[in-house]
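[1] this is the structure alone, sequence omitted:
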């Protein structure tokens with residue numbers, strides 16, 4: 001199984017989801033069974049580390065995002081991944097426009113699929129520390145549900 005998380009710049013939400021899911025897969029003994037990546041719909045942060053506030057918030061909860069680097073989503077991702085999970089409706093719309101007709105990946109909103117209270121992971125970039133903590137709360141909860149689904153698929 002291959003899972004791709006996508007947000008706008010690939011420096012806040014999607015690398016957080018990548019790091020959290022990797023950690024939870026390791027805890028569940030599924031590390032070698034599922035490949036996880038993240039990307040952005042935009043190209044502003046290609047090759048750059050996740051936002052320092054994202055890395056600090058994640059590290060406080062035991063998730064090390066220091067090795068992750070931004071990349072832009074590409075058409076081939078829709079054939080290479082089984083699940084492409086967007087962080088918000090704008091990302092989903094951009095992905096739907098990019099998605100080729102012969103794509104095999106399932107495309108959905110991450111929270112709509114795995115968490116019932118909200119559809120979108122809010123972008124914490126222009127906010128304060130509380131926004132980064134909220135993103136982690138939402139992503140951790142949704143990743144727990146995603147791990148259960150992945151166990152069932154494997």
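    That came through fine. As the structure is a prediction and not an experimental result, all values here were calculated from the model.

[2] the helices in this protein, which residues?
    13-27, 52-60, 77-80, 89-98, 110-114, 129-153 (DSSP state H).

[3] what's the second one in contact with?
    This means helix 52-60. When contacts are defined by Cβ atoms under 8 Å, 6 or more residues apart in numbering, helix 52-60 is touched by residues 11-12, 15-16, 19-20, 49-50, 64-66, 124, 129, 132-133, 135-136. No exception for glycine: its C-beta is placed from N, CA and C like everyone else's.

[4] give me the buried subset of those residues.
    11-12, 15-16, 19-20, 49-50, 65, 124, 132, 135-136 (16 or more other Cβ atoms under 10 Å).

[5] what does the helix or strand bottoming out on mean pLDDT in the chain contact?
    In the chain, no helix or strand scores lower on mean pLDDT, DSSP states H and E than helix 110-114, which sits at a mean of 93. Identification of contacts with helix 110-114 by Cβ under 8 Å, 6+ apart yields 5, 17, 85-87, 117-121, 138-139, 141-143, 145-146, 149.

[6] at 10 Å what do you get?
    3, 5-7, 13-14, 17, 83-89, 91-92, 106, 108, 117-122, 138-139, 141-149 (Cβ atoms under 10 Å, 6 or more residues apart in numbering).

[7] and it, how far out from the chain's middle?
    Centre-to-centre, helix 110-114 and its host chain are 11 Å apart (Cα atoms, centre = their mean, to the nearest Å).
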